[in-house]
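> please find the sequence and the predicted model below.
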Amino acid sequence: MNYEDYEKAFSPPRLNRYLAACGGSKVKALTLYRQNLKLCQKFYGILNIFEVVFRNAIDSHYKTYFGDNDWILNQCADGCMLSTAPQKNDVLRTYYELNRTNRYSNDRLVSSVTFGFWTYLFNKLPYRGGGNTLLQIFPNRTSGLAQRPIFNELQQIKSFRNRIAHHEAICFNTDGNIDLSYCQTNLELIKKYVYFLDYDPVQLFWGTGIKPYTMINKITSL
């Protein structure tokens, strides 16, 4: 396929920013587009691992705190922690579907709700509803790091995850130039929270074949 074929498939507006960043070189623009996709694939794997260990830590904590293995469902009741949560209807809809097909379990519900649900739990109201205890899942967190800045940083990771999930470019700065600092900042942020969760980021990601720095270096040298 030549550039025009890709342009027809992906749309001119989608490829134009790659073309502009590559000084009008169609060959480089397509190379950059492919490398951005590969970089997103690397980060998707990293984010997947982080999301699993993050949500499992929260689930384990609240099972103990509430003394309830079905805490997500039961905390959606009136007056409980999730009664006013934006994701409440999605949680209940997922529960009803799982229950309808005789597949419901708390573990399935944990794996079905969104990443945004888990980060929302660090917002002020649900955090208070959980007894101001949720930071306990981060035994290695920086001394003095409180609920609000943690919530803000988790929202940053969520935003980065959503960009990748929606197939958006992550290799540009706000001026449209090739710049990997956005990726590098979020990678360090993810690694920081993996460490806060009491895991070694190198060991946790070891053996997965996930090496974003390889793609970062390729794009930087383009």
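Sure thing, it's come through.
> L134 contacts I58, doesn't it?
Yes - taking CB atoms under 8 Å as the definition, L134 is a contact partner of I58 at 6.9 Å. For glycine as for every other residue, the C-beta is placed from the backbone atoms N, C-alpha and C.
> what do the two both touch?
L121 (CB atoms under 8 Å, 6 or more residues apart in numbering).
> what about K8, helix or strand, and which?
helix 3-10 (DSSP states H and E).
> list the buried residues in the helix or strand that comes right after that helix.
Next along the chain after helix 3-10, taking DSSP H and E as the criterion, comes helix 12-21. Within helix 12-21, the residues scored as buried using 16 or more other CB atoms under 10 Å are L15, R17, Y18, L19, A21.
> now do helix 12-21: which elements does it pack against?
helix 3-10, helix 26-66 (3 or more CB pairs under 8 Å, 6 or more residues apart in numbering; DSSP states H and E).
> rank these by pLDDT, which is bottom?
For the helices and strands packed on helix 12-21, mean pLDDT drops lowest on helix 3-10, to a mean of 92.
> other SSEs contacting it?
helix 12-21, helix 26-66.
> distance to F205 added to those helices, as a markdown table?
Below are the helices and strands packed on helix 3-10 laid out as a markdown table (distance: least, CB to CB, whole Å):
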| stretch | distance to F205 |
| --- | --- |
| helix 12-21 | 28 |
| helix 26-66 | 6 |
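> out of those helices, deepest packed?
Of the helices and strands packed on helix 3-10, the one with the most neighbours on average (mean count of other CB atoms under 10 Å) is helix 26-66, at a mean of 18.
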